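In: just the structure for this:
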Amino acid sequence: MLQLLTFLVERISLLFRLRCLELSWSECGEGERRFQPGPPALRRGDLLEVPRTIFTHFGIYIGDNKVAHLIPDILPVFTSNSKLISAVITNDRLILGCMYRRATVRVDALEDFAYGSSILVNRPDKTMKLQPFSSETVAQRAEKLIGAFPYSLLWNNCEHFVTYCRYGSAKSLQTEKFFEGLKSVIRDQRSVIITGLLGLISVVYFGMALTTTLPTILIPFTLWMAG
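Out: Next up, the predicted model:
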């Protein structure tokens with residue numbers, strides 16, 4: 001039982017912390033630029049990325065110390081007041097935007113975008129198979145998308161936005177890493193045992209009912225078949 005619980009904790013850590021992405025911040029390649037917020041020598045059209053608690057946030061530098069970036073925001077659903085909307089997004093606005101799948105491509109100051117973190121510039125240029133557009137073209141593509149935007153954490157996030165602007169193809173390494181971790185959990189047969197045990201515990205605690213018995217059978221069976 002102890003080994004199974006240890007395995008579960010390790011897998012949850014893998015999925016939600018995305019260690020592969022975090023480790024990538026500890027090593028900066030020769031061609032990459034890294035700096036603290038301030039008056040850096042950025043070029044219009046540069047792709048910027050900064051670390052967040054779990055994920056990495058992305059934006060396109062459009063000049064004059066401004067960054068265009070896609071960020072979840074619930075406020076535009078309730079008001080069209082541009083002054084209120086342009087205020088720096090709070091955590092409540094962001095979380096509710098994620099829940100209701102609402103976002104905006106907005107322009108913020110570089111310091112607000114960085115939020116005190118160091119910034120990497122054009123790092124995906126090394127991993128994307130497509131050549132980036134010219135700097136001016138990248139900035140113009142970002143500016144054309146400013147405004148309300150549909151949002152999906154996995155299918156249409158800030159990384160999809162910047163890769164579309166810079167390379168013409170919306171991709172997200174974070175999404176790919178997430179599904180790699182999810183696939184490893186599904187393929188490990190210990191997941192079947194763990195979900196089965198949790199299901200039995202729920203049946204014992206809540207009693208025999210359709211809402212407890214059916215998941216207890218179906219979830220382990222699905223994981224077993226998928227593995």
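In: all strands for the chain, in order.
Out: For the chain, strands defined by DSSP state E occupy the ranges 33-35, 47-51, 56-63, 66-72, 102-109, 119-121, 147-150.
In: next, the angle strand 66-72 makes with the second one.
Out: Relative orientation of strand 47-51 versus strand 66-72 (axes from the mean of the first three to the mean of the last three Cα atoms, to 10 degrees): 60 degrees.
In: buried residues, stretch 121-128. List them.
Out: Buried residues in stretch 121-128, counted by 16 or more other Cβ atoms under 10 Å: 121-124, 128. Every residue, glycine included, has its C-beta placed from N, CA and C.
In: cool, and stretch 153-165?
Out: 156-165.
In: can I get the residues you listed in CSV including pLDDT and distance to residue 147?
Out: CSV is the format used below for the buried residues of stretch 153-165 (pLDDT from 0 to 100; distance: Cβ to Cβ, whole Å):
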residue, pLDDT, distance to residue 147
156, 91, 15
157, 92, 17
158, 94, 15
159, 93, 19
160, 94, 16
161, 96, 12
162, 96, 16
163, 96, 19
164, 96, 15
165, 97, 14
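In: which among those residues gets closest to residue 93?
Out: Proximity of the buried residues of stretch 153-165 to residue 93 (Cβ to Cβ) peaks at residue 158, which lies at 15.1 Å.
In: doesn't residue 73 make contact with the closest one?
Out: No. Checked against Cβ atoms under 8 Å, the pair residue 158 and residue 73 is beyond contact range at 11.9 Å.
In: taking the buried residues of stretch 153-165 one by one, which sit in helices?
Out: Counted as lying in helices by DSSP state H, out of the buried residues of stretch 153-165, are 158-165.
In: now those in TSV, with distance to residue 61?
Out: Listed next are these as TSV, based on distance: Cβ to Cβ, whole Å:
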residue	distance to residue 61
158	14
159	15
160	18
161	13
162	10
163	15
164	16
165	11
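In: ranges for the helices of the protein?
Out: Counting by DSSP H, the helices of the chain are 2-17, 19-24, 82-86, 91-100, 110-114, 135-144, 158-167, 173-187, 190-206, 210-226.
In: the strands of the chain: which one's closest to residue 174?
Out: Evaluated with Cβ to Cβ, the strands of the chain place strand 56-63 nearest to residue 174, the distance being 6.5 Å.
In: how close does residue 117 get to residue 60?
Out: 17 Å (Cβ to Cβ, to the nearest Å).
In: so for the two, which sits in the more crowded spot?
Out: When residue 117 is set against residue 60 and neighbours are counted by other Cβ atoms under 10 Å, the residue ahead is residue 60, at 26 against 16.
In: next one: the residue lying closest to the more buried one once chain neighbours are set aside from residue 96, what distance?
Out: Among residues not flanking residue 60 along the chain, residue 142 sits closest, at 4.0 Å (Cβ to Cβ, 6 or more residues apart in numbering). Shown here: residue 142 relative to residue 96, a distance of 25 Å by Cβ to Cβ.
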